[in-house]
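> Need coordinates for the below:
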Amino acid sequence: MLDQQENLWDYDAVEVGQAGPTTEVEITEENIAEYALLAQNPDPRFQRPGVSREYDGAMLAMPTMVITYAPLMREEIAEANGFVAQERSNTNRHQTPFAKCEIRWWGPVKAGDTITGSRRVLEKYDRRGSKFVTFRVEAANQHGEKVAEYDYTCIFGYAQGSKSVPQIPGSAEPQPLTGNPGGQELAMSSSALLSFDALSEETQLAQMSISESQEIINRKSDFRLSGEPNPINIHNNEEFARQNIFSGTVSSGPAAMSYLDQMLQISFPLSAFYQGGQLLMRAIEPFRAGDTVTFQGEVTAQNAESAGRIVECRIKGINQRGDLVNLSDAKLMLSV
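Sure, this is the predicted structure:
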């Protein structure tokens, strides 16, 4: 009865086409740098203008920042349709966590841009007893140009019960976040980037390992450019997290995507994302505080077209216990 009075936005109440409010966010040098800091990315291209060798040295956002400047905001979608999101319920609160996300880009986003975000329910489906809802979020700049969109899938019902916390937790202790992550700057040399002509199937990409701490997870959870903060969630509240499917606090799916973004930038230019790139990440196991995940990938296909050269890659994120944490596919566009 209490759930009915509260008009809870559970799986049965979700309908395809339900939309949330539009948002408008100004992209600044400060929020580009803050996003990169939280992604533990020391690349100076995201710390100040004039460093990048692309786009006339403009200070560009990391590609995966689209999830921050055009956020999902499922709580606001629920409210706009007369419901209370499960994350904000007073009677039956729980999280609808990340399952997967696919991003597609069509143009760069840089400091000085203003991005309008729109969001709606794209589909809902039941798979092996678990219930999923996919949202479509679109981002357009001040010129009305669509720069990116993503399809973000949440778990609204998990058939397999809760995942157990590992008996041997991770012991990694990444450095506290400062204005210059890791105390260093990485000058991204064009000579380190992979050449299309030198690629073949099974070409190995440069690996990258990254660790999480609860402090970093908390700061990521607090960083918002639009929408109301959710002070109690599975990322920052251990008591609440224990009542949800991961049985403890975890890093978010978008955070893992920011690490994958950074790993791919070691091998490919930013333009490979921004001129028609795609990135799909599927969450397999939680990324917990103390864990170290190594992202390792290889080229799976390449195709030369008149509009550009397409490189497809498969990337695995594997933690220190050997668990597959996430599995991703990227399609990147290299200039002719």
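> Specify the local secondary structure of the nearest residue to residue 176 once chain neighbours are set aside.
In space, and not counting its chain neighbours, residue 176 is closest to residue 215: 6.6 Å by C-beta to C-beta, 6 or more residues apart in numbering. C-beta coordinates here come from the backbone N, C-alpha and C atoms, glycine included. At residue 215 the chain is in helix, as set by DSSP: H, G, I helix; E, B strand; the rest coil.
> where do the helices sit along this protein?
2-6, 29-38, 66-69, 74-80, 214-222, 238-242, 253-265, 271-274 (DSSP state H).
> Tell me which of the ones you listed sits nearest to residue 20.
helix 74-80 (3.5 Å; C-beta to C-beta).
> who does that closest one touch, helix- and strand-wise?
Applying 3 or more C-beta pairs under 8 Å, 6 or more residues apart in numbering; DSSP states H and E, one finds that helix 74-80 contacts strand 84-85, strand 114-127.
> where do the strands sit along the chain?
8-9, 23-26, 84-85, 98-105, 114-127, 130-140, 146-157, 208-211, 278-283, 292-305, 308-319, 324-334 (DSSP state E).
> For the fourth one, name the packing helices and strands.
Put plainly, it is strand 98-105. Strand 98-105 sits against helix 66-69, strand 146-157, helix 253-265, strand 278-283, with contacts defined as 3+ C-beta pairs under 8 Å, 6+ apart.
> what comes into contact with the shortest one?
Okay, so that is helix 66-69. Applying C-beta atoms under 8 Å, 6 or more residues apart in numbering, the contact partners of helix 66-69 are 25, 27, 31, 35, 61, 101, 103, 105, 109, 115, 117, 137, 139, 147-148, 150, 152, 223-226, 254, 257.
> Check the model's average confidence along that helix for me.
Per-residue pLDDT values across helix 66-69 average out to 97.
> distance between that helix and the chain's centre?
8 Å (C-alpha atoms, centre = their mean, to the nearest Å).
> Run through the protein and note the low-pLDDT ranges.
1-4, 179-191, 306, 336 (pLDDT under 70).
> Pick out the residue closest to the middle of it.
By C-alpha atoms, centre = their mean, the chain has its centre lying nearest to residue 254, at 2.3 Å.
> among the helices of the chain, which is nearest residue 18?
Nearest to residue 18 among the helices of the chain is helix 74-80; the distance by C-beta to C-beta comes to 6.1 Å.
> Might one say that residue 9 is in contact with residue 81?
Yes. Between residue 9 and residue 81 there is a contact under C-beta atoms under 8 Å: 7.5 Å.
> Tell me which of the two has more neighbours.
Counted by other C-beta atoms under 10 Å, residue 9 and residue 81 do not tie: residue 9 has more neighbours, with 26 against 17.
> show me the residues around the more buried one that make contact.
Neighbouring residues of residue 9 by C-beta under 8 Å, 6+ apart: 78, 81, 83, 84, 85, 86.
> want to throw the helices of the chain into JSON lines with distance to residue 334?
Listed next are these as JSON lines, based on distance: least, C-beta to C-beta, whole Å:
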{"stretch": "helix 2-6", "distance to residue 334": "51"}
{"stretch": "helix 29-38", "distance to residue 334": "23"}
{"stretch": "helix 66-69", "distance to residue 334": "21"}
{"stretch": "helix 74-80", "distance to residue 334": "35"}
{"stretch": "helix 214-222", "distance to residue 334": "31"}
{"stretch": "helix 238-242", "distance to residue 334": "41"}
{"stretch": "helix 253-265", "distance to residue 334": "12"}
{"stretch": "helix 271-274", "distance to residue 334": "6"}
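> of all those helices, which lies closest to residue 166?
Of all these, it is helix 238-242 that lies closest to residue 166, at 14.3 Å by C-beta to C-beta.
> for that closest one, which positions count as buried?
Across helix 238-242, burial judged by 16 or more other C-beta atoms under 10 Å covers 240, 241.
> Give me the phi and psi angles of residue 174.
phi -60, psi 150 (degrees, to the nearest 10).
> just use 57 as the starting number from now, easier for me
Sure thing, new numbering starts at 57, so read that last one as residue 230.
> List the contacts of the nearest residue to it once chain neighbours are set aside.
Leaving aside its chain neighbours, residue 230 sits nearest to residue 267 (4.3 Å; criterion: C-beta to C-beta, 6+ apart). Residues in contact with residue 267 (C-beta under 8 Å, 6+ apart) are 226, 228, 229, 230, 346, 347, 348, 349.
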